[in-house]
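K.L.:
from the sequence below, what's the structure:
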Amino acid sequence: NKAFGAETHFITPQEIKEIAPEVDLTGGGVWPVLGASYHPQAATARHDRVNWALAEGANRRGVHIHQRTAVTGLLMEKGRVVGVETDQGAISADIVLSAVGGHVTGLAAMAGLRLPIRTHPLQAYVTNHYARSFDPIIASASLLFYVSQTARGEMLIGAELDRQPSYSYRSGHNLIQTCSQRAMTLLPFLRKLRILRQWTGVCDMSPDYSPIMGKTGIDGFYITTGWGTWGFKAIPVGGEQMAQLIATGKTPDLIRPFALSRFVNDRTKADRGSAGTH
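P.N.:
All right, here's what the predicted structure looks like:
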């Protein structure tokens, strides 16, 4: 993290207690806490409000957003993508950018492109309101869970990706049981709360846990995918870089290492170890 300019520190158990006094450093006698990585600038954002703001800004700049419109195919001419076919009709375009999350492999296949992407479900749930303010975001790479508090005071708890690739949005009791047990070993106060709701999303993962961005080898068809669980944080700059590519036809230096061709040229990224901290 520090190599990329992020303010991250290793802290002692005593420092952990000062920052998050709710943490049980004994880990319930099973998972003792010996230290932590601390990022004081970290924060959370309400995702729907961010999306609304981005959509409003795009609308002011003349972008047409078609909601509830399914892409059913890609328009091809002499091996080049020249538009999209939707359930509302065809739309012609000089460049088609696939920024799909969760189902990119099916869309890319419409252009005859096979991507090294696997889609995995990701589950989370929230509890009822916790009366006290809980500022830190707690994540454990060993126990495979994370906890934070929402703006409404609910405790948001999530776990690792399901190992079995799937497009299923079904939530399961097993996740609640195993994840809650792990979370309560570090945060005993969670035992007093009730689970309100649970949901599941799907995430596109590349073999090296890094995004795939840029040209695809098929004229007129670009992609930005494989963002896993951290695209929400990185896509503002990622979107700017893709817009620059579309406008100029030249791949910006910042995203050049994330080209699809890296899997052919054996230039994969060594980012898997940081995936649990995103």
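K.L.:
who does the helix or strand harbouring residue 202 touch, helix- and strand-wise?
P.N.:
According to DSSP states H and E, residue 202 maps onto strand 195-205. Applying 3 or more CB pairs under 8 Å, 6 or more residues apart in numbering; DSSP states H and E, we find strand 195-205 packed against strand 118-129, helix 173-186. Where you see a C-beta, it was placed from the backbone N, CA and C, and this is true even at glycine.
K.L.:
ok, and for it, which residues are buried?
P.N.:
Applying a neighbour-count criterion of 16 or more other CB atoms under 10 Å, one finds 200, 202-205 buried in strand 195-205.
K.L.:
tell me the helix or strand right after that strand.
P.N.:
strand 212-215.
K.L.:
relative to that following strand, what are the paired strands and their orientations?
P.N.:
Strand 212-215 has the following sheet partners, assigned by DSSP bridges: strand 221-225 (antiparallel).
K.L.:
the partner strand: how far from the chain's middle?
P.N.:
16 Å (CA atoms, centre = their mean, to the nearest Å).
K.L.:
quick check: mean pLDDT of that strand?
P.N.:
Averaging pLDDT along strand 221-225 yields 97.
K.L.:
need the residues that contact that strand.
P.N.:
The contact list for strand 221-225, computed with CB atoms under 8 Å, 6 or more residues apart in numbering, reads 74, 81, 95-101, 104, 108, 111, 113, 115, 117, 204, 206, 211-216, 235, 238-239, 242, 245-246, 260.
K.L.:
just the angle for the strand holding residue 202 relative to helix 173-186, thanks.
P.N.:
Interaxial angle, strand 195-205 versus helix 173-186 (axes from the mean of the first three to the mean of the last three CA atoms, to 10 degrees): 100 degrees.
K.L.:
one step back: what's the most buried one of the helices and strands packed on strand 195-205?
P.N.:
strand 118-129 (a mean of 19; mean count of other CB atoms under 10 Å).
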